[in-house]
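Undergrad: Next comes the sequence, and after it the predicted model I'd like to discuss.
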Amino acid sequence: MENHNTHAQDAHGSHGGSMKSYVIGFLFSIILTIIPLVVVLNDMLSKKATTVLILVMAILQFAVQLLFFMHIRDEEKPRFNLMALIFGLVILLTIVAGSIWIMTYNTVG
Amino acid sequence: MAHAVSRTANAHGGHGAGHGGGHHDEHHDQESLKTFGFWLFLITDVILFGTLFATYVVLRFSTDGGPTGAELIEINGIIVSTFILLTSSFTSGIAVLEMNKGNKRGLIGWLAITALLGASFVFLEVNEFMHLVHEGATIGTSAYWSAFFTLVGIHGLHVSLGLVWMISIMLQLGRRGITPVTKRKVSIISLYWHFLDVVWIFVFTIVYLMGVM
């Protein structure tokens, strides 16, 4: 039974997303690139606020690519792709945040 | 994956008449397993870029009295290449849509547009690097520039390798048409291309936008 289901899905092309979702994703990614550009190039906010804003925009942009282009939502259970991704992100955050933390206190001593 | 395993087991069980279909499913499962394997490669690449970003962030002030990023970076060229890469991520998605419709000509055409955009990105990056070296910032100038060229350069290398790979898939599509195997290859390269776009967004934000702030 399962086989029939997956084949039917492939035939309808629902696996690869639709034109609409690609266009929406593309528009989002353009907007999320223009906002930080305008804010940084015109010095609209304080340095700290700008840093937070552009990092949030980058993370949203990552989410847009993941949802609209890489179709992370369409994955069947068990979601091994999603689990592997979360594992990778945990390592990434540990390396980046850990390095910054260690090196910040290193300069004091 | 548990799905895949149980399905393969069913195929091996060979319930009489379903033998031919069983073979097909086995093939299908092989392809989805290969896609998953590629996803795992992307995760290791996330970790690779994570270490490079960590190095860059830690060394961002270590310019050794030499030129800083803010002095030499020309943001206009970077803005152009950012939009080029964003657009190429979109066009590689359109290529997958054309493939799902079974339109071989459309698929190869959109892949070619993606590859052209990717090539212009690499061209702009090489130009930028030549400009920086001309201004006296080489990979050996300071810890900052070593981290800069390693991070940005490894991303550029990924894009260049992706171009070679994409062109060879286009050649294969021309010869073999849209088969389960070439279908899997196209979805993998499009996944890779979206991934490179994501990495670039962070390079753009952390290296360039924060660099000129």
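TA: Looks like it came in fine. Residues are numbered from 1 along each chain as shown, chains lettered A, B, ... in the order given.
Undergrad: In which helix or strand does the spatially closest residue to residue A:68 that is not a sequence neighbour reside?
TA: Spatially, and ignoring its direct neighbours in sequence, residue A:68 is nearest to residue A:25 (2.7 Å; CB to CB, 6 or more residues apart in numbering or on different chains). Any C-beta I mention is one placed from the backbone N, CA and C, and that applies to glycine too. For residue A:25, the element it lies in under DSSP states H and E is helix A:19-41.
Undergrad: For the spatially most central residue of chain A, give me its contacts.
TA: In chain A, the centroid-proximal residue (CA atoms, centre = their mean) is residue A:62; its distance is 2.0 Å. The contact partners of residue A:62, by CB atoms under 8 Å, 6 or more residues apart in numbering or on different chains, come to B:198, B:201, B:202.
Undergrad: Where does the closest residue to the last one other than its chain neighbours sit: helix, strand or coil?
TA: In this case it means residue B:202. In this structure, residue B:202 finds its nearest non-sequential neighbour in residue A:58, 5.7 Å apart by CB to CB, 6+ apart. Three-state assignment for residue A:58 (DSSP: H, G, I helix; E, B strand; the rest coil): helix.
Undergrad: And the one 10 residues further on, by the same measure?
TA: Reducing the assignment to helix, strand or coil with three-state DSSP, the entry for residue A:68 is helix.
Undergrad: wait, doesn't it sit right on residue A:28?
TA: Yes. Judged on CB atoms under 8 Å, residue A:68 makes contact with residue A:28 at a distance of 7.1 Å.
Undergrad: where does chain B dip in pLDDT?
TA: B:1-28 (pLDDT under 70).
Undergrad: Check chain A too.
TA: Short version for chain A, where the test is pLDDT under 70: A:1-16, A:107-109.
Undergrad: try it again with 50
TA: A:1-15 (pLDDT under 50).
Undergrad: Regarding it, what is its longest helix?
TA: Longest helix in chain A by number of residues (criterion: DSSP state H): helix A:80-108.
Undergrad: With chain B instead?
TA: Using DSSP H, we find that the single longest helix of chain B is helix B:19-58.
Undergrad: Point out the other helices and strands that that helix packs with.
TA: If you count contacts as 3 or more CB pairs under 8 Å, 6 or more residues apart in numbering or on different chains; DSSP states H and E, helix B:19-58 packs onto helix A:2-12, helix A:80-108, helix B:2-13, helix B:143-176, helix B:180-202.
Undergrad: picking up where we left off before, in the helix holding residue A:25, which residues are buried?
TA: A:21, A:22, A:25, A:26, A:28, A:29, A:32, A:33, A:36, A:37, A:39, A:40 (16 or more other CB atoms under 10 Å in any protein chain shown).
Undergrad: My read is that the fifth one contacts residue A:64, right?
TA: Yes. At 4.6 Å, residue A:28 and residue A:64 qualify as touching, with contact defined as CB under 8 Å.
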